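Engineer: give me a 3D structure for the following:
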Amino acid sequence: MKKLLMMSLGVFALMSCSNDDATEDQISIVGIWKESKTVIYSGTNNAVLSTELPDDCDKKNTYEFTSNGILNSKIFYTKSDGTCGEDGNFSESYNYDPATKKILIDGTTTDVLQLNQNELQIVADENDENGDGVNDKMVMYFYR
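Structural biologist: Model (predicted):
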């Protein structure tokens, strides 16, 4: 499930702007991104419910947003013997709207909470993780 979610939300990369004082509208999602962590925030008070760091295999995952609207994801998994296996290469269409901070990946729209030169944060899922009746947010963090 996590692999599917990561593939579907895979994340953006490299910017074409060379100015360190670039505005958010100038920062491009185009490029290669890697996972840094996944955090679940309480929908009630935004408290951190859990943080998951990528294991050695997840660290190999890459998400490349191309300039022609294609997201190429290369996903790995941990085999039963503890070694890394390649789950596959996946290509999906995407469209990022910096004005609304929304990204559409293969028919699914989600929020982009942060996009700057070094970090991307997207809402990967919303479910009641702690059983309080309020949906909590799973946020994936990426770096380039």
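Engineer: now do the lengthiest strand in the chain: everything it contacts.
Structural biologist: Once the chain is assigned using DSSP state E, the strand that runs over the most residues is strand 84-97. Under the contact criterion CB atoms under 8 Å, 6 or more residues apart in numbering, strand 84-97 has outside partners 3, 7-8, 10, 12, 29, 56-57, 60, 65, 69-79, 102-106, 112. C-betas here are computed from N, CA, C, even on glycine.
Engineer: flag every buried residue along it.
Structural biologist: For strand 84-97, a neighbour-count test (16 or more other CB atoms under 10 Å) marks 87, 90, 92, 94, 96 as buried.
Engineer: now do stretch 38-56
Structural biologist: So stretch 38-56, judged by 16+ other CB under 10 Å, has buried residues 38, 39, 40, 41, 42, 43, 49, 54.
Engineer: need those in JSON lines with secondary structure and pLDDT, can you?
Structural biologist: Formatted as JSON lines, the buried residues of stretch 38-56 follow (DSSP: H, G, I helix; E, B strand; the rest coil; pLDDT from 0 to 100):
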{"residue": "38", "secondary structure": "strand", "pLDDT": "97"}
{"residue": "39", "secondary structure": "strand", "pLDDT": "98"}
{"residue": "40", "secondary structure": "strand", "pLDDT": "98"}
{"residue": "41", "secondary structure": "strand", "pLDDT": "98"}
{"residue": "42", "secondary structure": "coil", "pLDDT": "98"}
{"residue": "43", "secondary structure": "coil", "pLDDT": "96"}
{"residue": "49", "secondary structure": "strand", "pLDDT": "98"}
{"residue": "54", "secondary structure": "coil", "pLDDT": "96"}
